[in-house]
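Colleague: just coords:
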């Protein structure tokens, strides 16, 4: 048995869980072990597209970082790391496999909607401060 659902109100959640209980009980009674995970809804596809468009716009701009123009992947790393620091999240810099240093950063794919919104706001503020035009239309 595998089941995924979005919960959006206490009443809807209660009804859903009550409807699922007989199936859960039958599976447990049959000796099956089950796992339940409840988490905040992850970032939306629109949020993901918006953030990647911002990174692309930065890459196309004349803004440099550490003396060089950066590609969209590098801007993503810079923005996610800067956002983590600005929002007082743990930033872990570790020695890499070949003696280099790298930031073990949070995953944007695992961000919930609120966290991704905060990252987008941070990125937009960075763009505004560096006079980078960000497109309104998504690709």
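Modeller: Arrived safely, thanks for sending. All of these numbers come straight from a predicted model, not from anything done at the bench.

Colleague: hmm, which helix or strand of the chain has the shakiest average pLDDT?
Modeller: Taking all helices and strands of the chain together, the one with the lowest average confidence (mean pLDDT, DSSP states H and E) is strand 101-104, at a mean of 92.

Colleague: buried residues of it, list them for me.
Modeller: Judged by neighbour count using 16 or more other C-beta atoms under 10 Å, strand 101-104 contains no buried positions. Heads up, the C-betas are built off the backbone N, CA and C, glycines and all.

Colleague: residues in contact with the helix ranked longest in the chain?
Modeller: With secondary structure taken from DSSP state H, the chain has its longest helix at helix 10-29. The list of residues contacting helix 10-29 from outside it, by C-beta atoms under 8 Å, 6 or more residues apart in numbering, reads 1, 3, 5, 7, 34.

Colleague: list the contacts of the third one.
Modeller: Applying C-beta under 8 Å, 6+ apart, one finds that residue 5 lies in contact with residue 16.

Colleague: state the distance from it to residue 15.
Modeller: Counting by C-beta to C-beta, to the nearest Å, the separation of residue 5 from residue 15 is 11 Å.

Colleague: what distance do you get for residue 32 to residue 2?
Modeller: Noted for residue 32: a distance of 12 Å to residue 2, by C-beta to C-beta.
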